[in-house]
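> quick one: sequence and predicted model below, then my questions.
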2 protein chains.
Amino acid sequence: MLPHERAKRDMAEARVRTTIDVEQVRNLLFGGQSKWDTHARLLRVVSQDPVFDKSERPFLARKDRYKRAISMTNRIYELRDIHGWSIAETAEALDLIDEELPIHLSSATFDPVFMDQCGPYLREKYGELVVNRGIQGTYLQTELAHGSDVASLETTATYIPEAKEFEVHSPTLTSTKWWAGAAGRTATHGVVQAQLILPGGKSMGPHLFLVQLRSLDDHRLLPGIVMGDIGPKALGGYTTVDNGFARFDHVRISHENMLSAFSQVTEDGRYVKPPHAKLSYGGMMVVRSLLVGKGAWVMAKAATVSIRYCTVRRQGGRSTDGLERQVITYPGVYYRLLPVLSHAYIFIILGQSLLEQMAVMNKQLATGDASMVSEMHLTSCALKILATTMGAQDAETTRRAMGGHGYSEFAAVGRYYANFLPTTTYEGDNFVLDLQIVRGALKAYKSLQSSSFSVNAVAQLPPSSAYLRFLLPQFTTKLSEPDWTDPTQVVVLLERRASAMVGYRAETTDIDASMDNRVSKATIDAYLSVRVRELIESLPQILQPREASVVSKLYTLTLLTLVESGLVDILSFDLLPQNPGDDPCRGLRATINALCTELLPEVIGLTDAFGFTDWELDSALGVHDGSVYEQLWARAQKEPLNAEEPVDGYEQFVKPMLRRGQLLSGTRGERSKL
Amino acid sequence: MLPHERAKRDMAEARVRTTIDVEQVRNLLFGGQSKWDTHARLLRVVSQDPVFDKSERPFLARKDRYKRAISMTNRIYELRDIHGWSIAETAEALDLIDEELPIHLSSATFDPVFMDQCGPYLREKYGELVVNRGIQGTYLQTELAHGSDVASLETTATYIPEAKEFEVHSPTLTSTKWWAGAAGRTATHGVVQAQLILPGGKSMGPHLFLVQLRSLDDHRLLPGIVMGDIGPKALGGYTTVDNGFARFDHVRISHENMLSAFSQVTEDGRYVKPPHAKLSYGGMMVVRSLLVGKGAWVMAKAATVSIRYCTVRRQGGRSTDGLERQVITYPGVYYRLLPVLSHAYIFIILGQSLLEQMAVMNKQLATGDASMVSEMHLTSCALKILATTMGAQDAETTRRAMGGHGYSEFAAVGRYYANFLPTTTYEGDNFVLDLQIVRGALKAYKSLQSSSFSVNAVAQLPPSSAYLRFLLPQFTTKLSEPDWTDPTQVVVLLERRASAMVGYRAETTDIDASMDNRVSKATIDAYLSVRVRELIESLPQILQPREASVVSKLYTLTLLTLVESGLVDILSFDLLPQNPGDDPCRGLRATINALCTELLPEVIGLTDAFGFTDWELDSALGVHDGSVYEQLWARAQKEPLNAEEPVDGYEQFVKPMLRRGQLLSGTRGERSKL
């Protein structure tokens, strides 16, 4: 059999080997059959519409990629009208088209910030327009010299009581707004973070103001406003989005244009304080929560592509069938890929549940109840850090596992990576967010300490710091090696690592340079592991025994690799017993390996359960039927560099170089028969 | 002072703070004043020539990037003639222009393979043409379904004695040559790896053949040959290079076109064996060795950009001067950046010394002496793995340390990363090369074992496995905690880790999935650490005391972070004493932190010592004078997306969407004063 035929046979055989009911597991991931049905229905519509065709995408210049992005956005709203899609369906369709759009960043930042904080007047005037896309918003926070550190922003909004107007102004080069999604060329209105200056010059810190940017007649910039696109992004990422800059030269806006849900300036210029400072956190938290699901689906796509390719790719030593081995069967390969698959499952489920909790919190916030805020803040930061750092790393892991072909654009994983990568540094740089996590952990520790670690205080610990209960005296006994197949025991180890490290961090003044990042990781891992244990425990109620068993193993793999990635601290805090001459990690690593080999026959089923179509993945190496070599060949034929013969530039640049070399050599190398 | 003026002041002040003589250290990196002078002279020529202008580069489509690449190549050869550059100067100029060129891949693969293995006939006919660029070569090894595993390649070269010709043929889709640099559109000739088939059908395994691909008159493909570009690469990397595909349909070449230095087919079709199988390794080893220096300079550029930006970027808490802190002063930042700087220094020096050793080996090989081959093979593999894996990781580390702006194309580090990334999977995928390293280590272990670990056998260990001496009985005593400031003691710890792990690996059958990669890392780290200790010891002979002291600290930082990255195995093999209740890593981490803070005032000097001009770095964030905000602003103004007002596509796609939304909402949001 020819190798490219063998590849398709390998894929078909792998699919037969799977023992799980793929649809059952798929419904777990999608939250039920009806959600899957909606997803599949929307997917059919967009994937069959020529506007969303991807075949020319790898070859388009940035200008054309942007134009394609706005054309697709407009088409989605046409389709909404044709098919009568709901707001949720329209949003899902926008996500399905596999492109970062200017409107995505509006929806993720401008929309929630505006809707949560606009107050009744602006809501009445603009609320429907925002929902219906009658205006296009952009959230103008980050400046050239400052990002999420809003207290230091330089843009000012000075209240002029005589005119009942604010004057929005960019006083310096460095106050130029930078990076705002859709600001460059698309947006008509912006919410601007600016230092509120009261009459008399008192600065009240950063507040939000709605500023119309472009004319609704002809899209021209309004007077006093300079805006544009900030240029291409690294790695070809976000090329479709017009992240923009904006400068304001004494731009006047009406008094009502201050977003006033939580603070106001009276017409005569007095400041009215917000009832609760935390009330305005809602928007940022939603964005962070959305990134968890986003990371999960990046992991899912990357794992699917790489696992499929490594299933059909054969290389190296001969296996029992006399053929070269399938690459996925090498320990060095499956050990890298299966944890990514596991992460994808876990973060898909946790991302959904985080959004559900967030919705509850926002309902409570609307009634003035802020009791969920600090816990949700910590939780969403923690999962954002983990899902984005892990998502980027996992995507690159899967790309590299594909060897040379992984570096082709047609492999697609590089594209997933490039677009996802900025999540590690935006909405809070993960290294900076770590410090917030540590601050939260130390606060919980200190309140526990002030209660002298009373059983009562421990019982009241929120989930994000529940691991601190291991500081109680009864838990300070030495741990024996866990039964690695028992999630409960593994979770205890991770919680004890976190409690030991937070306790150490709280009691030491001798902080080394990496400690806070390690402490943060330990507490996040502990929190995650508890959630994973809960997921494992819930499986028998959701899945049939066979499927529950397989998915449970997949979840357990993450627990064990979390332990593995934390071994330095686990060993240095003496949490794993060490017998002379024996490697204390041997049992852990053997269990990971055993779990992987048990899962191997199921991985094609487990990736099929994501429900990806070839159109969605748009990857030569991740095609459903394993026809990877046909795909690479077919796609290369479309490369525009191949259009002219000889290539454009030959006469000008290649020929003269060859002639010069031939003259120098006194030969063309053709004097004998060739 | 305005923030963007403050940034430049910060840079100037940092430069004043440096206590080292930058030129002295620069000469260490360049291997002497005269090499620096040559470098600077070539740099002046190319950076002032408009052909090499980079200002439009971020905005060019791939076709134009390729055309620019061949135009620059041709210009370099024009300049060679104008300035009378030597071969080495011409090669250096080609490297200086900061672009991956088709000709780079020819020079790195085709040229050495051809020149080493062509034999006298082909050398006489083509040698000068290769050197003078009268022909343009491509090395056609990798196929769609196989890469560095040459034994499995499918392309055939069948000898036809009647015609005294070989018939080169691609029997399957998967035998299509893929990835070869310069093959797509540029090359005129290729060296083809193909299975040699003798008359009667016996296959002799892969051999090399010279095939003319394109006409020297008009560059048209010759009959029977189908070639083209394989399409864009991931992350926008190597966009300038026409990595290509090639298929051969019974293409006849002359009998003499078999590269015959080490094996031949007689005219009547008998096979003449090579005298020593290892003789043909030379080419691949040179490529791997070149990657060490390449990785080093990527680290150097990335470290320079990020350290400069983090010096002028101020963020967060207020420092003693009442201003926000310089980002570089945060432990979480300098702890990430300074090791990268250290790696750059070390790999620049080791890369040079590796090439020197390689030249010695090649001279010996030419006389039939292959005694250096196995050690050089191991050494070049080891340093290739380390320099490429570390180089990619370091580049991304420095990019991320720059926060949000690091994701701009104008930051440049994304570009360095994207172009360097494939080195981790080409010339041997690093994960696969790890297995070769382990095989080498086990071979050395077993030969030692068969001598019952005699002192004699230990004394004969080559540098790559010298760490195995710690298996001698006198070294099995428990280690005490090293004095972390003493390189010798730190190196011993790393060597003992390697010996313990190799011993364990050799004696256990219970191999977990990551063990071989960890064993490989341990042996490479041990080898590297010995080399670093030697570098440290050599400093007093090369530098003045002040400079020697600073550079010595910089080198020591790598030793300590190597230990830190290997802590799991160091702890689990019980190589660091553990006192109950005390973190055994505390002293190590405290020393790393102390070293970093001692080095901090020197980092601008240490990065200046790389001698980079702004033109070379081409980074808005890495500019010499700290004018990062002016740079970002100026570069964004050139973005073509900003050229039209309103943006192309507004009438077709944005306006209809807004109108639809306004109609639905029954308002444009303008009914009151706005």
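Yep, it's here.

> all contacts plus neighbour counts: C-alpha atoms, from now on.
OK.

> quick one: pLDDT of the residue nearest the centre of chain A?
Nearest to the geometric centre of chain A sits residue A:295, at 3.4 Å (C-alpha atoms, centre = their mean). Here the pLDDT value assigned to residue A:295 is 98.

> give the buried residues for the one helix or strand it maps to.
Using DSSP states H and E, residue A:295 falls within helix A:282-312. By 16 or more other C-alpha atoms under 10 Å in any protein chain shown, the buried positions in helix A:282-312 come out as A:282-312.

> those residues of the stretch 451-600 of chain A touching chain B, which are they?
Contacts of the stretch 451-600 of chain A with chain B, taken as C-alpha under 8 Å from any C-alpha of the partner chain, map to A:512-514, A:517, A:567-568, A:571-574, A:578, A:580-585, A:589-590, A:593.

> please indicate which of the residues you listed are buried?
With burial judged by 16+ other C-alpha under 10 Å, the buried subset of those is A:512-514, A:517, A:567-568, A:571-574, A:578, A:583-585, A:589-590, A:593.

> who touches residue A:181 in this structure?
A:102, A:103, A:105, A:106, A:138, A:139, A:241, A:242, A:243, A:244 (C-alpha atoms under 8 Å, 6 or more residues apart in numbering or on different chains).

> and those residues as JSON lines, adding pLDDT, secondary structure and distance to chain B?
Listed next are those as JSON lines, based on pLDDT from 0 to 100; DSSP: H, G, I helix; E, B strand; the rest coil; distance: C-alpha to the nearest C-alpha, whole Å:
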{"residue": "A:102", "pLDDT": "94", "secondary structure": "helix", "distance to chain B": "11"}
{"residue": "A:103", "pLDDT": "93", "secondary structure": "helix", "distance to chain B": "11"}
{"residue": "A:105", "pLDDT": "85", "secondary structure": "helix", "distance to chain B": "15"}
{"residue": "A:106", "pLDDT": "85", "secondary structure": "helix", "distance to chain B": "14"}
{"residue": "A:138", "pLDDT": "97", "secondary structure": "strand", "distance to chain B": "14"}
{"residue": "A:139", "pLDDT": "96", "secondary structure": "strand", "distance to chain B": "16"}
{"residue": "A:241", "pLDDT": "97", "secondary structure": "coil", "distance to chain B": "11"}
{"residue": "A:242", "pLDDT": "97", "secondary structure": "coil", "distance to chain B": "8"}
{"residue": "A:243", "pLDDT": "97", "secondary structure": "coil", "distance to chain B": "10"}
{"residue": "A:244", "pLDDT": "98", "secondary structure": "strand", "distance to chain B": "9"}
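
> which one (most neighbours) among the residues you listed?
Comparing the contacts of residue A:181 on neighbour count, residue A:138 comes out first with 33 neighbours (neighbours: other C-alpha atoms under 10 Å in any protein chain shown).

> how is chain A carved up into domains?
A:104-274, A:643-668 (automatic domain parsing).

> what's the spacing between the first one and its chain's center?
Read that as domain A:104-274. Centroid separation between domain A:104-274 and its chain, computed with C-alpha atoms, centre = their mean, to the nearest Å, is 25 Å.

> what of stretch A:86-101?
16 Å.

> same question, stretch A:599-618
With C-alpha atoms, centre = their mean as the basis, stretch A:599-618 stands 20 Å off its chain's centre.

> ends of it, what's the gap?
End-to-end span of stretch A:599-618 (C-alpha to C-alpha, to the nearest Å): 26 Å.

> what sits against residue A:35?
The contact partners of residue A:35, by C-alpha under 8 Å, 6+ apart, come to none.

> dump the strand or helix carrying it to CSV, keeping only the CA atoms.
Assigned by DSSP H and E, residue A:35 belongs to helix A:33-48. Only the C-alpha atoms of helix A:33-48 are listed here, as CSV (Å, rounded to 0.1, in the frame of the first residue of the first chain):
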residue,chain,number,x,y,z
GLN,A,33,-27.4,17.5,22.8
SER,A,34,-29.4,20.6,22.1
LYS,A,35,-26.4,22.9,22.4
TRP,A,36,-24.5,20.6,20.0
ASP,A,37,-27.4,20.8,17.6
THR,A,38,-27.4,24.5,17.6
HIS,A,39,-23.6,24.5,17.2
ALA,A,40,-23.8,22.1,14.2
ARG,A,41,-26.7,24.0,12.6
LEU,A,42,-24.8,27.3,12.8
LEU,A,43,-21.6,25.6,11.6
ARG,A,44,-23.4,24.2,8.5
VAL,A,45,-24.6,27.7,7.6
VAL,A,46,-21.3,29.5,7.9
SER,A,47,-19.1,26.7,6.5
GLN,A,48,-21.2,26.5,3.3
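
> close to chain B, is whichever helix or strand comes after that helix?
Downstream of helix A:33-48, the next assigned helix or strand under DSSP H and E is helix A:62-83. Yes. Counting by C-alpha under 8 Å from any C-alpha, chain B is contacted by helix A:62-83 at A:62, A:63, A:67, A:70, A:71, A:73, A:74, A:77.

> list the buried residues in helix A:62-83.
Within helix A:62-83, the residues that count as buried by 16+ other C-alpha under 10 Å are A:62-77, A:79-80.

> run a quick neighbour tally on residue A:649.
Using other C-alpha under 10 Å: residue A:649 sits among 18 other residues.

> contacting residues for residue A:601?
Contacts for residue A:601 (C-alpha under 8 Å, 6+ apart) come out as A:14, A:17, A:18.

> quick one: mean pLDDT over the helix or strand hosting the first one.
If I follow you right, that is residue A:14. Applying DSSP H and E as the criterion places residue A:14 in helix A:3-17. Averaging pLDDT along helix A:3-17 gives 97.

> now swap in stretch A:392-400 and tell me
Per-residue scores along stretch A:392-400 average to 98.

> got the phi and psi for residue A:531?
Phi and psi for residue A:531, reported as degrees, to the nearest 10, are phi -60, psi -40.

> how far away is it from residue A:554?
14 Å.

> between the two, which is the more surrounded one?
A direct count of neighbours by other C-alpha under 10 Å for residue A:531 and residue A:554 places residue A:554 higher, at 26 against 16.

> quick one: low-confidence residue ranges for the stretch 351-500 of chain A.
By pLDDT under 70, the stretch 351-500 of chain A has no low-scoring segment.

> so where do the strands sit in the stretch 151-300 of chain A?
Taking DSSP state E, counting those that start in this stretch, the strands of the stretch 151-300 of chain A run over residues A:156-160, A:165-169, A:177-180, A:189-197, A:203-212, A:225-229, A:244-248, A:251-254, A:264-265, A:271-272.
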